[in-house]
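> Got a sequence here, can you build the structure:
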Amino acid sequence: MWVLIVGVLILALELISGSFYLLWYGFGLAISGAVGWAIGSDAWIAQSAIGLAIGLILMIAFRKRLYDKIMGHKIKDEFLLEEGEGVIKENNLVEFRGTIWQYDKNKDETFEINERVIVKPTKTNRVFVKKM
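Okay, the predicted model is just below:
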């Protein structure tokens with residue numbers, strides 16, 4: 001019975017977090033707890049282990065499909081795939097598309113605060129800048 005209650009509580013927590021990870025473990029624990037309660041078993045350790053295994057299997061099998069279905073489409077992050085114009089700020093930072101980024105530059109280039117620069121595409125948490 002306790003495993004069923006914990007499973008339902010985890011499902012309730014999922015409503016708050018929205019991560020889809022707790023959903024699967026909540027289902028697994030609720031299913032194994034309900035079956036254990038229906039057959040009159042008090043083996044909560046076995047029910048918990050079975051519930052967590054069921055949750056892991058469900059998460060692997062369905063998470064991506066459910067997430068894509070609920071969100072409607074896959075999001076393509078093209079935020080830094082095209083170069084654009086940025087403004088140099090203090091402490092080796094550049095403002096680019098409404099966000100402040102740390103930047104890398106050629107060794108021989110220096111920049112002044114509020115200078116406009118070209119920001120190049122990147123796949124890291126830093127951008128590359130060069131003079132306009």
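> switch to C-alpha atoms for all contacts and neighbour counts from now on
Fine.
> Which pLDDT value belongs to the residue most central in space within the chain?
Nearest to the mean C-alpha position of the chain, by CA atoms, centre = their mean, lies Ser19 at 7.8 Å. We note a pLDDT of 70 for Ser19 in this prediction.
> Relative to Ala43, how far out is it?
Distance, Ser19 to Ala43, by CA to CA, to the nearest Å: 30 Å.
> List the contacts of Ser94.
Small correction: residue 94 is Val, not Ser. By CA atoms under 8 Å, 6 or more residues apart in numbering, the contact set of Val94 is 86-88, 100-103.
> doesn't Lys131 make contact with Lys120?
No - using CA atoms under 8 Å, Lys120 makes no contact with Lys131, being 10.9 Å away.
> For these two, work out which one has more neighbours and name it.
Lys120 (17 against 13; other CA atoms under 10 Å).
> quick check: domain ranges of the protein?
2-71, 84-131 (automatic domain parsing).
> out of these, deepest packed?
By mean neighbour count, with neighbours taken as mean count of other CA atoms under 10 Å, domain 2-71 ranks first of those at a mean of 17.
> gap between it and the chain center?
Relative to its chain's centre, domain 2-71 lies at 20 Å (CA atoms, centre = their mean, to the nearest Å).
> What ranges does the chain have for its helices?
Shown for the chain, the helices assigned by DSSP state H span residues 2-17, 21-39, 44-71.
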